[in-house]
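Colleague: Sequence and predicted structure, then a few things I'm wondering about:
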Amino acid sequence: MFRFVLVGFLNTANYYILYLFFMHILTLPYMGAHLSAFFISMVGSFYFNSYFTYKVKPTLRKFLQFPLTYVVNISVSSTALFLLVDLLNFNENISPLIAQGITIPATFFVSKKVLTSEKNEVIEQVRK
C-alpha cells in the first residue's frame, strides 16, 4: 500500500504539472487540460505501478487492459472536477487535486487486480 501511495503521489504530481501546462501554456479549457493530462499520466502510472508497486513485468496485454482500471477514475474525477468548478465555483487550479484525491481507493483495487492477475493465476496453478 505504501508503494501505491508513493506512486499515486508521483503520478498526481505528474498529472497536475501537465494539467497546469495544458491550461496555462497551451490555453486549453480546464476539462481539455484535465483529459489530456490524465491520459498522458496514465501511461506513466502503468509503468510505475508495474515495476515499483506490484513488481510485475509490463506486457502489451496488461498495457491494453490498464486503461480499464481508469474508467472509474476518469469518470469520478471528471465529474468531480465539473461539479467543483462549474457548480461550486472552486478554483480551476486547485479543483483537480481534490477530484483526484476522491478516486484513490477505487483506483488501487482495480489496478491491483489487472496488474497482478497473471501472478495470481500462476499461484493458483501451483497450489493445485
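Modeller: Sure thing, it's come through.

Colleague: For the rest of this, base every contact and every neighbour count on C-alpha atoms.
Modeller: Will do.

Colleague: elements contacting the helix ranked longest in the chain?
Modeller: Counting residues, the longest helix found in the chain (DSSP state H) is helix 60-82. Where contact means 3 or more CA pairs under 8 Å, 6 or more residues apart in numbering; DSSP states H and E, helix 60-82 is packed against helix 30-48, helix 95-115.

Colleague: need the ones you listed in JSON lines with distance to residue 3, mean neighbour count and mean pLDDT, can you?
Modeller: Listed next are the helices and strands packed on helix 60-82 as JSON lines, based on distance: least, CA to CA, whole Å; neighbours: other CA atoms under 10 Å; pLDDT from 0 to 100:
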{"stretch": "helix 30-48", "distance to residue 3": "10", "mean neighbour count": "18", "mean pLDDT": "93"}
{"stretch": "helix 95-115", "distance to residue 3": "11", "mean neighbour count": "17", "mean pLDDT": "79"}
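
Colleague: Format those as TSV; extra columns: distance to residue 9.
Modeller: TSV is the format used below for the helices and strands packed on helix 60-82 (distance: least, CA to CA, whole Å):
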stretch	distance to residue 9
helix 30-48	10
helix 95-115	10
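
Colleague: quick one: which of the ones you listed is nearest residue 67?
Modeller: Closest to residue 67 of the helices and strands packed on helix 60-82, according to CA to CA: helix 30-48, at 7.5 Å.

Colleague: Leaving out sequence neighbours, find the closest residue to residue 65.
Modeller: Excluding the flanking residues, the one nearest residue 65 by CA to CA, 6 or more residues apart in numbering is residue 114, at 7.0 Å.

Colleague: surely that neighbour meets residue 64?
Modeller: No - using CA atoms under 8 Å, residue 114 is not in contact with residue 64, being 10.3 Å away.

Colleague: gap between stretch 100-116 and the chain center?
Modeller: 8 Å (CA atoms, centre = their mean, to the nearest Å).
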